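**Q** curious how this folds, go ahead:
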Amino acid sequence: MRKILKLKIGRDELVFETGFMAKQANGSVLATYGGSSVLATVCCSSNVREDLDFVPFSVEYNEKYYAAGKIPGGFIKREGKPKDKEILVSRLIDRPMRPLFDKRFGREIQVIPTTLATDQLNPPDIVGMNAAFTAVFLSDIPFNGPIAAVRMVYLNGKFIVNPSFEEIHDSDLDIVVAGSLNGITMVEGGANEVSEDILLSAIDGAHEYIKQICNAQKEFLDIVGKKEKLPLAFEEKIFEFKDELRDFVYADLKEACFVKGKLNRDKAITLLRNKSYEHFSSLEKLTDSNEFLFHKAFDDFEKEIVRSSILNDNIRTDGRTPNEIRDIISEVDILSRTHGSALFTRGETQALAVTTLGTSIDEQIMDDIDGDKRLNFMLHYNFPPFSVGETGRLMTGRREIGHGHLAQRALESMVPGKNDFPYTIRVVSEVLESNGSSSMATVCAGSMSLMSAGVPVKGQVAGIAMGLISEGDKYVVLSDILGEEDHLGDMDFKVAGTKNGITGFQMDIKIENVTKDLMRDALEQARIGRIHILSIMNTVISNSRVGISKYAPKIVQLQIDIDKISLVIGSTGKTVKAITDEFGVKVQIEQNGKIILFGDDDFKMQKAKERIESIVREPKVGEIYEGTVKKINSFGAFIELTPAKEGFLSTRLKPRDSKYGSGRFGNSNRYFRFGGGGESIRGNAGLVRPPKLEEGQRIKVKIIDIDKFGKIDLEIVRDKDY
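**A** Below is the predicted model of the structure:
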């Protein structure tokens, strides 16, 4: 039976419906906000696994083109593999939900949110998040909900909840916030150098709306009726010889956990694990059924040692204090043939960023339900297996897309617009080593690479990854976390920005008692760390290079009146093709009258620009043109000045003292008027003979008169070579 609940959030109502679509799923909800509707379903498998130390949970957000009244572009007319946007939204849904499932459930869980309609005004991603959260909360799958999500922007000094696409585009801050009744669990977004206080206020404001949606979900559950939850597949077990294992390995493990160097530390811990395994196997205390519990107990000891050292002694596994940042080495221009390059190394994390400048032809075309658009700034992040000393396939997974998107958002507010810098910009980050926050290393390397390439960025950007270890009311915030601190900690948040403010932010919280004061302390510690990193980067390069690489394409722009675009194109494109062939340039003409020339030769590009300017300018008396002889008759010659303008070069004789001068055309009986200047060749009767003209010939002419009907009279401009 169809059930409906409505809740006013921002400008529109958020509507939840269930009981009439996808009824065979464990849970299904249709959520609508404005004209955007998303159907979310959740299902779980019947097979149970007890040897998992993680939740086998997946999210497959997908958008249907019919939602926007569109047919997919290209040769294949059906939706195919997930687009980057769909993957990014799937990650937004996954991250706040995953910690709320019980590992003891032991079954595969799949959530599929499908966008069925969109008004291209209200972004469907937030609708999909809330549809997914509500579907799981209403289902029979054990889930520690409810949770909800909103988007907050900061525009013209005000916060707006669930803004339109236009408001997002114009805003100084755009974040997606997810959370529960008790607190925030996830934040992700970008900004234009906003302060930490503005970010905190946005998160606080978002939580008030999140609590409203969570309470609405609880009300909806009462309306729909509670389902009996599926049973947990197994009770949590512990290794029955855990105390013996502790006595055997704990002292040595405390030393191994603090061996300097990631690979050395991993090797020392692995040797102890293998030693312990062999020891308990020899005592016949290890079987196939408890081997998983043995490894879990060993991991628990490692987690306990690391967290205790940080909380009680302020010492981390690599010997640093909580707010200490690893050694940083920065270099630029290490690749001679690329347009810009930078290598950023922080401890055992290293990123090589390479910037390539292209033309508008290289822009990325986004064909999706949000409306067609083009991107002239892209950042691609690669994480090869050798970066962590492993073998594996080279592929672009969800992690690569998510980390690249975060780094791109951190940099894009500093990248100039197309009107100021008409290049398409692609930054590629190759992670060469990784032990903690390669995405923030990508931000640092990418920023320096852009400066190296001569992109006039507004400011240098650095990024830092922060962590948290807490127990009760006691907590320690960690700067520049290692991979193991991310894995064993209670919070992972990344902050990128300039000296003036934040440009990118991502936070995942594994606990519920993160207070505003804790967040403020963490953001201030991150700000201090960011300024420190920026100071080191600025010693290498602090401003964008003047000029771009000689290997980059050259671009010249000019603006013409819209009604003169047809003059540049010419009949069936003849004019623009002639310019392309003669000067070896590519010509792009936009609907607003902007013309962009691409080429390799500065001189030829300038000549092509002059040719276009001569085509579109209005003729004036005294101006000189290089025209084309189109037709010769007994009275004179018609000279094409532009594709739409012709002038007449008369054959009528004038007295020699006339301002027009006089002359005779070749050895025929046609006489032409021409200007003075330059040498002249005297013929019979004291006349001057000009060079012989032929149709198609290009000559320099000067406008000497324009009558009220627009008729143009010309004279020849003679060079000394005549």
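
**Q** quick one: residues contacting residue 19.
**A** 1-3, 224 (C-beta atoms under 8 Å, 6 or more residues apart in numbering). Heads up, the C-betas are built off the backbone N, CA and C, glycines and all.

**Q** give me the mean pLDDT for the longest helix along the chain.
**A** Taking DSSP state H as the criterion, the chain has its longest helix at helix 196-224. If you average the pLDDT over helix 196-224, you get 96.

**Q** and that helix, what's buried?
**A** 196, 198-199, 201-203, 205-207, 209-214, 216-217, 220-221, 224 (16 or more other C-beta atoms under 10 Å).

**Q** list the buried residues for stretch 433-444?
**A** Quick answer for stretch 433-444 (16+ other C-beta under 10 Å): 433-444.

**Q** stretch 71-89 now?
**A** Buried-residue list, stretch 71-89, by 16+ other C-beta under 10 Å: 82-89.

**Q** so for it, first residue to last residue, what's the gap.
**A** End-to-end distance of stretch 71-89 (C-alpha to C-alpha, to the nearest Å): 22 Å.

**Q** quick one: mean pLDDT for that stretch?
**A** 90.

**Q** contacts for that stretch?
**A** Taking C-beta under 8 Å, 6+ apart as the rule, stretch 71-89 contacts 60-65, 90, 113, 125, 128-129, 367-368, 370, 398, 401-402, 405.

**Q** what about it, distance to the chain center?
**A** In terms of C-alpha atoms, centre = their mean, to the nearest Å, the centre of stretch 71-89 is found 18 Å from the chain centre.

**Q** and if you look at stretch 353-363?
**A** With C-alpha atoms, centre = their mean, you get 14 Å for stretch 353-363.

**Q** try stretch 630-640
**A** Per C-alpha atoms, centre = their mean, the centroid offset for stretch 630-640 relative to its chain is 58 Å.

**Q** could you do stretch 132-142 as well?
**A** Taking C-alpha atoms, centre = their mean, one finds stretch 132-142 lying 32 Å from the centre of the chain it belongs to.

**Q** residues of it that come out buried?
**A** Going by neighbour count (16+ other C-beta under 10 Å), the buried part of stretch 132-142 is 132-139, 141-142.

**Q** picking that back up, what's the farthest-apart pair in the contacts of residue 19?
**A** 2 and 224 (10.3 Å; C-beta to C-beta).

**Q** just the CA trace of stretch 342-351, in PDB.
**A** Written as PDB, here are the backbone C-alpha positions of stretch 342-351 (Å, rounded to 0.1, in the frame of the first residue of the first chain):
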ATOM      1  CA  ALA A 342      56.300  19.300 -10.500                       C
ATOM      2  CA  LEU A 343      57.400  16.600  -8.100                       C
ATOM      3  CA  PHE A 344      56.200  16.800  -4.500                       C
ATOM      4  CA  THR A 345      57.500  14.500  -1.800                       C
ATOM      5  CA  ARG A 346      56.300  14.400   1.700                       C
ATOM      6  CA  GLY A 347      57.800  11.600   3.800                       C
ATOM      7  CA  GLU A 348      57.000   8.400   2.000                       C
ATOM      8  CA  THR A 349      54.300   9.900  -0.200                       C
ATOM      9  CA  GLN A 350      55.300  11.300  -3.600                       C
ATOM     10  CA  ALA A 351      53.200  12.700  -6.500                       C
END
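
**Q** domains of this structure?
**A** 3-224, 241-313, 328-540, 554-616, 619-654+690-721 (the TED database).

**Q** okay if I get the ones you listed as CSV plus distance to residue 230?
**A** CSV is the format used below for the domains of the chain (distance: least, C-beta to C-beta, whole Å):
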stretch, distance to residue 230
domain 3-224, 5
domain 241-313, 22
domain 328-540, 24
domain 554-616, 58
domain 619-654+690-721, 76
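
**Q** worst average pLDDT in these?
**A** When I compare those, domain 619-654+690-721 is least confident, with a mean of 80.

**Q** ok so, going back, which of the buried residues of stretch 71-89 lies closest to residue 120?
**A** residue 85 (13.9 Å).

**Q** what about the closest one, which SS state?
**A** Following DSSP: H, G, I helix; E, B strand; the rest coil, residue 85 is assigned to helix.

**Q** next one: the one 3 residues further on
**A** The local conformation at residue 88, judged by three-state DSSP, is helix.

**Q** ends of stretch 47-67, how far apart?
**A** End to end - C-alpha to C-alpha - stretch 47-67 spans 35 Å.

**Q** mind listing what's buried in it?
**A** Within stretch 47-67, the residues scored as buried using 16+ other C-beta under 10 Å are 52, 55-57, 59, 61-65, 67.

**Q** stretch 484-496 too?
**A** Applying 16+ other C-beta under 10 Å to stretch 484-496 flags 484-486, 488-496 as buried.

**Q** re earlier: quick one: which of the buried residues of stretch 71-89 is nearest residue 609?
**A** The closest of those, once distances to residue 609 are taken by C-beta to C-beta, is residue 84, at 37.1 Å.

**Q** residue 450: what's it in contact with?
**A** 340, 355, 411, 415, 425, 427, 457, 544.

**Q** ok, now with 7 Å
**A** 340, 355, 427, 457 (C-beta atoms under 7 Å, 6 or more residues apart in numbering).

**Q** torsion angles phi and psi at it?
**A** Note on residue 450: its backbone torsions stand at phi -60, psi -40 [degrees, to the nearest 10].

**Q** and the contacts of residue 19, which are buried?
**A** residue 224.

**Q** which members of the contacts of residue 19 are positioned in helices?
**A** Reading helices off the contacts of residue 19 with DSSP H, I get residue 224.

**Q** coming back round to it: which of the contacts of stretch 71-89 fall in helices?
**A** Those of these lying in helices (DSSP H): 90, 125, 128-129, 398, 401-402, 405.

**Q** on that earlier part again, and the buried residues of stretch 71-89 as JSON lines, adding distance to residue 101?
**A** Shown next, in JSON lines, are these (distance: C-beta to C-beta, whole Å):
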{"residue": "82", "distance to residue 101": "22"}
{"residue": "83", "distance to residue 101": "27"}
{"residue": "84", "distance to residue 101": "26"}
{"residue": "85", "distance to residue 101": "25"}
{"residue": "86", "distance to residue 101": "22"}
{"residue": "87", "distance to residue 101": "21"}
{"residue": "88", "distance to residue 101": "21"}
{"residue": "89", "distance to residue 101": "19"}
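
**Q** which one among those residues gets closest to residue 182?
**A** residue 89 (24.6 Å).

**Q** so which of the contacts of residue 450 belong to strands?
**A** Counted as lying in strands by DSSP state E, out of the contacts of residue 450, are 340, 355, 427.

**Q** ok, back up a step: and the two most separated of the buried residues of stretch 47-67?
**A** 52 and 65, at 36.8 Å, using C-beta to C-beta across these.

**Q** can you show me the helices along the stretch 351-500 of the chain?
**A** Ranges of helices in the stretch 351-500 of the chain, per DSSP state H, counting those that start in this stretch, are 398-412, 438-452, 483-488.

**Q** so which of these comes closest to residue 614?
**A** That would be helix 438-452 among the helices of the stretch 351-500 of the chain, by C-beta to C-beta, at 36.7 Å.

**Q** and the angle for that closest one with helix 398-412?
**A** Inter-element angle recorded for helix 438-452 and helix 398-412: 40 degrees (by axes from the mean of the first three to the mean of the last three C-alpha atoms, to 10 degrees).
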